[in-house]
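Novice: make a model of this:
(chains A and B)
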Amino acid sequence: NAGVTQTPKFQVLKTGQSMTLQCAQDMNHEYMSWYRQDPGMGLRLIHYSVGAGITDQGEVPNGYNVSRSTTEDFPLRLLSAAPSQTSVYFCASSFGQGVLGGANVLTFGAGSRLTVL
Amino acid sequence: AQKITQTQPGMFVQEKEAVTLDCTYDTSDPSYGLFWYKQPSSGEMIFLIYQGSYDQQNATEGRYSLNFQKARKSANLVISASQLGDSAMYFCAMREITNTGNQFYFGTGTSLTVIP
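Specialist: Numbers count the residues shown, from 1 in each chain, chains lettered A, B, ... in the order given. Next up is the predicted model:
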């Protein structure tokens, strides 16, 4: 019963490098999303997906790319890392809109701390 | 306009006392859900409590209760009998159901410190 698994937990990049943050869930959740957390700014939505093959932009999508080829996986790609992308990244998933009530909780991964030098 | 507003960046409470963390929300949808999450210093996001917009009674989970005032669009978290382990960041969140599916919105959080 792994829930939401994010890798890596820590990463240091140089400006201009690219990398992929991996996210996998084993709960058959339709909805998956990526957030970044910066001090004093709460959680800001980067990209989300409501099902395999469907992705959409959130509040802060610039510099990031996503794809959803399977229900389980939702990787986040940094195309050319910048110091402004230094942050803690969270992947989160939930059931789709057909599941109502308290069963439709957003479940988070453990987070990935990214530093861009 | 902000969907979720938490106006208390930091709060202090004496151990064993109760504390209320404020949250107001903005939506025009009749069907929505409200959540509270706890983030301890270790960083993980822990789900605490849920309130649906049609729920008649305030949600409770152990020492946590959600004071839901629909007309005022507020969803305050009440922690009774505070413990040292309650020291953490607390986030209020809302789920709306749009034509493209779920949308979740988070507040900026309240840092709670429990004083021995």
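Novice: wait, B:Phe68 sits on B:Asn58?
Specialist: Yes - assessed by Cβ atoms under 8 Å, B:Phe68 is found in contact with B:Asn58 at 5.2 Å. Just so you know, the C-beta spots here come from the backbone N, C-alpha and C atoms, and that holds for glycine as well.
Novice: looking at the two now, which is surrounded by more residues?
Specialist: Remark: of B:Phe68 and B:Asn58, B:Phe68 carries more neighbours, 19 against 15, as counted by other Cβ atoms under 10 Å in any protein chain shown.
Novice: tell me which element the more buried one falls in.
Specialist: strand B:64-69 (DSSP states H and E).
Novice: which strands or helices does the helix or strand just after that strand pack on?
Specialist: Next in sequence after strand B:64-69, counting helices and strands by DSSP H and E, comes strand B:74-79. In this structure, strand B:74-79 makes packing contacts with strand B:19-21, strand B:24-25, strand B:32-39, strand B:46-52, strand B:64-69, strand B:88-98, judged by 3 or more Cβ pairs under 8 Å, 6 or more residues apart in numbering or on different chains; DSSP states H and E.
Novice: give me the residues contacting strand B:74-79.
Specialist: B:13, B:18-25, B:34, B:36, B:48-49, B:51, B:63-69, B:86, B:90, B:92, B:112 (Cβ atoms under 8 Å, 6 or more residues apart in numbering or on different chains).
Novice: and those, which are buried?
Specialist: B:13, B:19, B:21-25, B:34, B:36, B:48-49, B:51, B:64-68, B:86, B:90, B:92, B:112 (16 or more other Cβ atoms under 10 Å in any protein chain shown).
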